[in-house]
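**Q** Need a 3D model of the following:
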Amino acid sequence: MDIYLPIAELSVNAAVIIGLGLLVGITSGLFGVGGGFLMTPLLMFYGIPPAVAVASSATQVTGSSVSGAMAHWRRGGVDVKMGAVLVAGGVIGALLGSVLFRALQQVGQIDLTISLIYVVFLGLVGASMLIETVRTLRRQAKGGRPKQSRRQNRLISALPGKMRFRASGLFISPLAPLLVGMVVGILTFVMGIGGGLIMVPILIYVLGMSVGVVVGTSLFQIVFTTAAITLLHAVQSKTVDIVLAALLLIGGVMGAQLGAKIAIGLPPEKLRLALAILVLIVAGRLLFGLTVEPANLFSIQVDGA
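**A** Numbering: from 1, shown residues only. Sure thing, here's the model as predicted:
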């Protein structure tokens, strides 16, 4: 069944869009990450304008993250104090991202910029995950135990104004998580991702945050930051297609539940390996789309008198 998207200004097959949401939801539930990094490129491959894909993906990420955040909240897996600082940084980053987004729209380079950022971002993240996972699998094959270190970066330790985050087991300056939230807020606004793909590793390996609360706190931040970003997109850039977001959310909610069930009992290292390969495949497909010569280099339209 075809349905018209008023903001994207094109007709799409509703079943295909729901299917994309289902696929990304399964990926989210299977790998434990937000699906924005995959949703936006898939929508772009389908023909949705990048600006609309970014804004609508952010809307879908907001809805799909609520249930996960509530689940972690009920079991005490959210550091509210840390989450509040991350949200504050995320909102500041969202405002900065909105300025950048509008500037790129005005010069007509938003679509190219989104694609380039995705290629670089996914390429770096995928390569880092692949290298680290392969090292872990090799250590396990040799009978070694995986490293479980929580080292805090020296620059983070040197920042002034330290305060205690008891649930996270940290005594650090709030400037550190504030800056992390800002970076994620900018990326979320420009790319439509939830941010968990980069926030969780930073919180663990750079800030030294307790693993027990890192996922819940990340989801807590994602809910509020992406909600603010959705509002900014709707008011400023006017690229939120609510029909598209609703279709994606229908599939995403079902897919997340299915993915979580599939993930039970699967080795986490092999799941991370599969995720790394998936990220690199998406980055490669985007890079191919940027470098291949289009069939029609120019189009000429003659206006009627």
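
**Q** could you give the mean pLDDT of stretch 54-68?
**A** The average pLDDT for stretch 54-68 rounds to 73.

**Q** Need the contact partners of it.
**A** 7, 21, 25, 28, 34-36, 39-40, 43, 48, 114, 188-194, 219, 222-223, 226-227, 229-230, 233-234, 237, 239-242, 244-245, 248-249, 252-253, 256 (Cβ atoms under 8 Å, 6 or more residues apart in numbering). For every residue, glycine as well, the C-beta is placed using N, CA and C.

**Q** how about a cut-off of 6 Å?
**A** Identification of contacts with stretch 54-68 by Cβ atoms under 6 Å, 6 or more residues apart in numbering yields 34, 36, 39-40, 192, 194, 219, 222-223, 226-227, 229-230, 233, 239-241, 244-245, 248-249, 252.

**Q** ok, now stretch 123-138?
**A** Here stretch 123-138 makes contact (Cβ under 6 Å, 6+ apart) with 146, 269, 272, 273, 276, 279, 280, 283.

**Q** Identify each buried residue in that stretch, please.
**A** Of all the residues in stretch 123-138, those buried under the rule 16 or more other Cβ atoms under 10 Å are 123, 125, 126, 129, 130, 132, 133, 136, 137.

**Q** what does stretch 95-107 give?
**A** In terms of neighbour count (16+ other Cβ under 10 Å), stretch 95-107 has its buried residues at 95, 96, 97, 98, 101, 104, 105.

**Q** Return the list of helices and strands in contact with the helix or strand where the third one lies.
**A** Right, the one you point to is residue 97. Assigned by DSSP states H and E, residue 97 belongs to helix 80-106. Here helix 80-106 touches helix 175-191, helix 211-232, going by 3 or more Cβ pairs under 6 Å, 6 or more residues apart in numbering; DSSP states H and E.

**Q** If you average pLDDT over each of those helices, which is lowest?
**A** In terms of average pLDDT, helix 211-232 trails the rest of the helices and strands packed on helix 80-106, at a mean of 82.

**Q** Tell me which other helices or strands the following helix or strand past that one touches.
**A** Later in the chain than helix 211-232, the nearest helix or strand by DSSP H and E is helix 242-263. Other elements packing on helix 242-263 under the criterion 3+ Cβ pairs under 6 Å, 6+ apart are helix 14-31, helix 50-74.
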